[in-house]
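K.L.:
sequence and computational prediction follow.
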Amino acid sequence: MGKDAFLNKIAGFQRLLLDTNTIIYFLQGISPFNTILNPLFGLFEQKNLEAVISVITETELLVGPLKAGNQEAVTMVKLFLHEFPGLKVIPVSRQVGQMAAAIRAKTNLRLPDALIIATAKASGCGAIIGNDHTWSKINTPVAAMPEVILLDLYVDG
C-alpha cells in the first residue's frame, strides 16, 4: 500500500503503542520498513503523535544486546527509550496485569503479548503498530482492543 496509505491510516490516532519489532526495525534501519517508520518517528519527534511502549518491550529490546555483551547497543537502546521525544515507556501496573489476564484467558496469547496489548488499552492507545500477525487475527471479542496495524501491509517486499 505504501507510505501515504500508512500515514493516512494513522492520521486519526493521537496515541499509538509500538510493538517490539517496530522499534527494532526503526533502530536498525531495516528496509523496507524504514520507508514508513522514518516518517512515523518524525511525527513522534515533532510531538504531533504520542508513542508508548510497554516495559515488556523495553525488556525485549535489551535482551539481544545483553546476551551478545554489546554494551554500546545496550546504551543506545536505553538512551533512545529515555530521550526520544514523544515516546513513553509504561510500567506494568496491577491494572495492566489484570487486563492481561483477561486478554490471555480469552485469546491464549503468550503473557508478554497480553501484557503489551493490555498496556495499549490502559494507556488509551487507539492502535498498535507492529508485525505480529497473530494479534490481528484475534477473533474473540476483547473489550475495546486497540486496532492492530501490520507494517507488512504497507511495504513492498
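P.N.:
Cool, the structure landed.
K.L.:
all contacts plus neighbour counts: C-alpha atoms, from now on.
P.N.:
Noted.
K.L.:
and the closest residue in space to Thr20 that isn't next to it in sequence, what is it in contact with?
P.N.:
Nearest non-adjacent residue to Thr20, counting by Cα to Cα, 6 or more residues apart in numbering: Thr57, 5.2 Å away. Counting by Cα atoms under 8 Å, 6 or more residues apart in numbering, Thr57 makes contact with Asp19, Thr20, Ile116.
K.L.:
restricted to strands, list the residues you listed.
P.N.:
Assigned to strands by DSSP state E, none of those qualify.
K.L.:
which residue is nearest the middle of the protein?
P.N.:
Nearest residue to the geometric centre of the chain (Cα atoms, centre = their mean): Leu18, 1.5 Å.
K.L.:
can you tell me the closest non-neighbouring residue to it?
P.N.:
Nearest non-adjacent residue to Leu18 (Cα to Cα, 6+ apart): Ile129, at 5.0 Å.
K.L.:
my read is that neighbour is in a helix, agree?
P.N.:
No - counting by DSSP: H, G, I helix; E, B strand; the rest coil, one finds Ile129 to be strand, located in no helix.
K.L.:
and for it, the neighbour number?
P.N.:
Using other Cα atoms under 10 Å, Ile129 is surrounded by 21 other residues.
K.L.:
any idea how far Phe26 is from Ala127?
P.N.:
With distances taken as Cα to Cα, to the nearest Å, Phe26 is found 18 Å from Ala127.
K.L.:
and those two? which has more neighbours close in?
P.N.:
Ala127 (22 against 18).
K.L.:
residues in contact with that one?
P.N.:
Phe13, Arg15, Leu16, Leu17, Ala120, Pro146, Glu147, Val148, Ile149.
K.L.:
hmm, who's touching the least confident helix or strand in the chain by mean pLDDT?
P.N.:
Sorting the helices and strands of the chain by mean pLDDT, DSSP states H and E puts helix 133-136 at the bottom, at a mean of 76. With contact meaning Cα under 8 Å, 6+ apart, helix 133-136 is reached by Glu147, Val148, Ile149, Leu150.
K.L.:
and the residue at the greatest distance from the centre of the chain, how far is that from Thr75?
P.N.:
Largest separation from the mean C-alpha position in the chain: Gly69, at 24.9 Å (Cα atoms, centre = their mean). Distance from Gly69 to Thr75, counting by Cα to Cα: 11 Å.
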